[in-house]
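>>> This is the structure alone, sequence omitted:
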C-alpha cells in the first residue's frame, strides 16, 4: 500500500444510492439547511448565559426533538456551540448549553430564553484563518476577524512554515487547489475548521473530471471537513470530493455526501 495515510477512510461516510435515485437527503437540501454557522446570533461558544424563563432541555436543536429535563429561570450555563436555526420547525435559534445546575450534561435551549451573563470570549489572535465571502475577502490579513479567501490561503508561500490554517465556519462553493506544503512528517501544515464551527464544501456540479479539493502539496493534514454535491442529476458522472496528488498527506474524519468519488488518490502519490 502507498505510504499515504488513509485515516480518512475511517471517518468517511458516503451516501449509498443508485445513480437513478432523486436527491432526497434533507441534510444537504439547501432549502432545509437554512441556517449557517455564520448566521448572526446573540451568543458565542464559551460565553456564560442565564435562563430568562423556565425551559425544557432538548437533545437536538429543534422544537420537535425529545425533552429530557427542565431548567429553572435564573440558572446559568456555558454556550458550547454556535446557534443552529430550526429551519424545518419553529424557526428559532437553539444553543447547546452545559454546566446548568439542573442537568449535568445540559441541552439545547432556544435563544429567546437566554440572556448574556458575561462577555463573549475574545477571538483568537494571530495567523492563519480563511473563510468564504463575504467574511473572507481579498486584501484581508489572515486573522480570525479578517480571514483570507481560501484559495489564496492554499497557494504556495501564503501560510508561513510552522503555522496551521484554520477555516472559519460557512459554505465554501468554489473548487480549490491546495499547493502549499509542509516540510516533514514532524512539520506538517494542518487544515481544519475553527473549534465549534463547520466548514462545508458545497457544489452543484456534474462532470467526472472535477474535484472540490485537489491536493498537490505534501506533508499536509486535513481534519473534519465536509463535502457535498446538491446536484439532482443522477444519470451522469459527478465530481470527486477530494483528489489527492501529493505525497505524505493525512486525511482524518472527512465527510463526503453524494459525490462521484469521495476520495481518489493518484497512484504515484506516496
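Nice, thanks for sending it over. Computed from a predicted model, the values in this text were never measured in an experiment.
>>> quick one, helices of the protein?
Assigned by DSSP state H, the helices in the chain fall at 8-11, 150-154.
>>> from the middle of its chain, how far away would the last one be?
Using C-alpha atoms, centre = their mean, to the nearest Å, the mean C-alpha position of helix 150-154 is found 16 Å from that of the whole chain.
>>> ok, back up a step: lowest-confidence stretch among the helices of the chain?
Comparing mean pLDDT over the helices of the chain, the weakest stretch is helix 8-11, at a mean of 40.
>>> Go ahead and confirm residue 80 touches residue 98.
Yes. At 5.2 Å, residue 80 counts as touching residue 98 under the criterion of C-beta atoms under 8 Å. Backbone N, C-alpha and C define where each C-beta goes, glycine included.
>>> quick one: common contacting residues for these two?
Each of residue 106 lies in contact with both residue 80 and residue 98 under the rule C-beta atoms under 8 Å, 6 or more residues apart in numbering.
>>> which stretches of this structure aren't confidently modelled?
1-41 (pLDDT under 70).
>>> Just want the most central residue of it.
Residue closest to the average C-alpha location in the chain (C-alpha atoms, centre = their mean): residue 198, at 2.1 Å.
>>> Pull up the distance across stretch 144-159, start to finish.
14 Å (C-alpha to C-alpha, to the nearest Å).
>>> now swap in stretch 168-187 and tell me
Terminal residues of stretch 168-187 are spaced 23 Å apart (C-alpha to C-alpha).
>>> Tell me the spacing between residue 223 and residue 115.
Between residue 223 and residue 115 the distance, using C-beta to C-beta, to the nearest Å, works out to 34 Å.
>>> actually residue 107, not the one I typed
Going from residue 107 to residue 115 by C-beta to C-beta gives 17 Å.
>>> more crowded one of those two?
In this view residue 107 and residue 115 are compared by other C-beta atoms under 10 Å, and residue 107 has more residues nearby, 26 against 13.
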